[in-house]
Structure formats: C-alpha cells, structure tokens
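Visitor: would you be able to build a 3D model of this:
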Amino acid sequence: MRRVPTRPLRANERCAWQGSQELLAALAFVDSLASELGVRLRPGEIRRAGIPPAHTTFATEMDDGCLRDLRSLASEFRAAIERSRADHALPSLPYFPDGACRLVSRLFALHLRRRDSWAEAPLRFVSGHLPGQEPYVRHTWLLVDDAVVDLTADPFGEARVALGSATAFHDSLDMREEAMADSVLAGLSADESQRLHRLLTPIEARLPTFTVRSDAGA
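Guide: Okay, here's the model as predicted:
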C-alpha cells in the first residue's frame with residue numbers, strides 16, 4: 001500500500017519519502033515474482049539477490065527534482081551576488097568569484113538554513129589544497145548531502161555554478177578537510193556572524209522569491 005504523507009514535506013523529506021516508496025515498490029515486485037516462482041525469500045536473501053538495502057537518508061535519496069531545485073537556488077544566489085556587487089551593496093566582498101570561495105560557501109549555507117525546504121539538509125564545508133601552490137592556498141565549496149555546490153569554481157575553468165558530482169577540478173585537490181556547516185557557523189564570533197548576515201541581507205533582497213523562515217533568526 002502506498003502511504004500518503006500527513007503533512008507537507010520539506011525537500012529533503014520529500015526526496016527520502018519518494019525513495020522509500022520506490023524501494024517498497026521494488027521489494028513488492030521481488031516478492032510477487034518469488035511467489036509466482038514458488039520461492040519464499042528468507043530475510044537477507046533479497047540483498048543477496050541483488051536488491052540494495054533500504055536507505056532513507058537525504059544523501060542517498062536526492063532525486064533529479066531535488067537537484068534541479070538546488071541548482072535553481074544556487075544559480076539565483078550567484079546572480080543575486082553579482083547584482084548586489086553591481087549595485088555596490090556588498091562593500092565587504094570586493095573580490096568575486098576569485099578569493100571568495102569560503103565566504104560565499106558560508107553565505108549560501110546560511111541561506112539554505114533560512115529556507116523551510118532545506119533547513120535540515122546535511123551541509124558540509126569541504127576545502128582542498130591546489131596542487132603546486134603553497135599549503136595555505138586552498139579552495140572551499142559546499143556539500144549538500146553528497147552533491148557539490150560550488151559558486152566560485154569558474155576561475156578554474158568550471159561552470160559558474162558547479163553542482164552535482166565532483167568535477168575533475170575538485171578531484172584534483174589534495175589535503176582535503178571537511179567540517180559540518182552548522183558547527184562552523186555556530187562557532188563563528190559575534191562579529192563574524194554579524195558580518196555574514198550583513199552580507200546576506202542585500203543578496204536575499206535581490207532573489208526572485210524568498211521568505212525567511214519564521215524561526216531562522218536574524
């Protein structure tokens with residue numbers, strides 16, 4: 001039986017729910033096929049028969065619809081940054097996209113946390129060293145679940161918004177470091193946090209449609 005959600009689902013919940021329904025349908029098909037063949041599958045035999053185990057995490061179940069939604073948000077966010085700079089509304093961001101990777105990744109992560117549909121998505125900051133450069137020369141991007149979201153990779157020959165699987169450029173970086181985005185943002189000083197919000201305000205004001213979550217904070 002196909003279960004119907006009892007409330008509107010957020011994007012990450014919708015992805016997991018859709019994935020779980022597809023898995024249930026696959027299991028039902030295997031069960032019906034086994035019945036027709038007169039075979040009774042014992043626990044564990046479904047996996048050995050080639051059916052993957054159940055996963056209901058956002059990472060595993062992010063579907064094309066969620067990726068399209070995320071790509072649209074990322075593209076709009078990048079465009080809003082460019083409009084803000086053209087309007088001289090971002091004096092603290094004189095360099096973009098060069099040299100702004102860590103700051104922009106933090107801004108986009110903070111923005112996602114202020115959207116209802118992405119408020120609980122797993123977010124991680126990843127940085128890697130550029131081979132041949134000094135150890136401190138690094139590039140930073142955001143992982144939404146396991147999807148790369150990089151709004152500043154175009155100086156390295158990538159798209160203006162690199163989103164989805166890791167590109168050859170990202171794979172070429174070494175000395176990787178990862179950190180949970182929420183922990184990083186929560187660990188910022190009061191001045192750093194206020195600066196992020198000051199930068200985010202004119203960007204969000206230039207997005208086509210955006211309403212901040214009521215409990216998202218200033």
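
Visitor: quick one: low-confidence parts of this structure?
Guide: Within the chain, the segments meeting pLDDT under 70 span 1-62, 212-218.

Visitor: domain ranges for it, per the record?
Guide: 11-61, 64-205 (automatic domain parsing).

Visitor: tell me the most buried of the ones you listed?
Guide: domain 64-205 (a mean of 16; mean count of other CB atoms under 10 Å). For the C-beta atoms, the positions are set from N, CA and C on the backbone; glycine is no exception.

Visitor: how far does it stretch from start to finish?
Guide: Taking CA to CA, to the nearest Å, the first and last residues of domain 64-205 lie 28 Å apart.

Visitor: make JSON lines out of the domains of the chain and add distance to residue 211.
Guide: Output for those, formatted as JSON lines (distance: least, CB to CB, whole Å):
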{"stretch": "domain 11-61", "distance to residue 211": "15"}
{"stretch": "domain 64-205", "distance to residue 211": "8"}
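
Visitor: just the strands in the protein please.
Guide: In the chain, strands defined by DSSP state E lie at 123-129, 138-144, 147-150, 162-164, 174-180, listed in chain order.

Visitor: among the ones you listed, which is nearest residue 107?
Guide: For these, the distance to residue 107 is smallest for strand 138-144, at 9.8 Å, taking CB to CB.

Visitor: what's the closest one packed up against?
Guide: Here strand 138-144 touches helix 101-113, strand 123-129, strand 147-150, going by 3 or more CB pairs under 8 Å, 6 or more residues apart in numbering; DSSP states H and E.

Visitor: and the angle from it to helix 101-113?
Guide: 10 degrees (axes from the mean of the first three to the mean of the last three CA atoms, to 10 degrees).

Visitor: now what about strand 138-144, what contacts it?
Guide: Residues outside strand 138-144 that contact it (CB atoms under 8 Å, 6 or more residues apart in numbering) are 70, 101-102, 105, 108-109, 112, 118, 121-130, 148-150, 152-153, 156, 162, 170, 173, 175, 178, 181.
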